[in-house]
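[1] got a predicted model here, sequence first, then my questions.
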Amino acid sequence: NDGFASGQSAGAAVPAVCRVSGWLFPPVEQRVTLPHFAAYAVLGLVLWTLVEYVLHRFLFHLPVAANSRTLITLHYLLHGIHHKFPLDRSRLVLPPVAAAILTTLVYQVVALPFELTEARLVLAGGLLGYTAYDVLHYYLHHGRATLPYFRRLRTYHMDHHFKDCSSAFGITSRLWDVPFGTLPATKAD
């Protein structure tokens, strides 16, 4: 008898799997209600839009000293190449290692004001936002936008690439371009 007929081996494995999964993914505390979960996840999603804006404007469009070959190369590899070849399908997404490093750094900052459970929920919302950003950014460059909202967003983003790269830093939305004063000039201006 190998033990499977009586269920002993399988039964003995369940606590081990729970211990391993509990170590990898600690259980969410019972006090997390659906509204609590949703509030922190939505907060993470909104914070992602701010992170997206700040990274795009202040890191990816950072003025680089003309005499620093290293900084010029780093900037070009990080974002400049995307502006040089905006329709290249292989240059839209942040490489996984760079994304992991940035995610870790951002999480360390975001986690400061929160307890562990809330920090993880905020991170989950932020990662959802980042995933949506990657998909939407690809779609804006290569998709055929049929809905009016996405056509406007595509035009907004393409204007950033082809008309004025000093404005329209929001990619998934215009939300932060409004308070930071980086909406593109309109024809009436």
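    Okay, I see it. Residues are numbered from 1 along each chain as shown.

[2] stretch 45-64: which residues count as buried?
    Of all the residues in stretch 45-64, those buried under the rule 16 or more other CB atoms under 10 Å are 45, 47, 48, 49, 51, 52, 53, 55, 56, 57, 60, 61. Glycine gets a C-beta too; all of them are placed from N, C-alpha and C.

[3] stretch 94-103 now?
    94, 103.

[4] that one - what's its average pLDDT?
    Averaged across stretch 94-103, the pLDDT comes to 81.

[5] now swap in stretch 47-65 and tell me
    On average, stretch 47-65 scores 89.

[6] gap between the two ends of that stretch?
    30 Å (CA to CA, to the nearest Å).

[7] show me what contacts the closest residue to residue 176 other than its chain neighbours?
    In this structure, residue 176 finds its nearest non-sequential neighbour in residue 53, 3.8 Å apart by CB to CB, 6 or more residues apart in numbering. Shown in contact with residue 53 (CB atoms under 8 Å, 6 or more residues apart in numbering): 169, 170, 175, 176, 177, 180.

[8] as CSV, the residues you listed with secondary structure, distance to residue 108 and pLDDT would be great.
    Output for those, formatted as CSV (DSSP: H, G, I helix; E, B strand; the rest coil; distance: CB to CB, whole Å; pLDDT from 0 to 100):
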residue, secondary structure, distance to residue 108, pLDDT
169, coil, 23, 95
170, coil, 24, 94
175, helix, 24, 94
176, helix, 22, 96
177, helix, 27, 97
180, coil, 24, 96
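
[9] select only the buried ones of the residues you listed in ChimeraX?
    Buried members of these, defined by 16+ other CB under 10 Å, are picked up in ChimeraX with:
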select :169,170,176,177
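
[10] about what we covered before: which element is the residue nearest to residue 176 on?
    Per DSSP states H and E: residue 53 is located in helix 34-54.

[11] how about the next helix or strand after that helix: buried residues?
    Remark: after helix 34-54, the chain's next helix or strand is helix 69-75, criterion DSSP H and E. The neighbour-count check on helix 69-75 (16+ other CB under 10 Å) flags residue 75 as buried.

[12] can you pull the contacts of the most centrally placed residue in the chain?
    Closest to where the C-alpha atoms of the chain average out (CA atoms, centre = their mean) is residue 130, at 2.0 Å. Residue 130 is in contact with 48, 52, 99, 103, counting by CB under 8 Å, 6+ apart.
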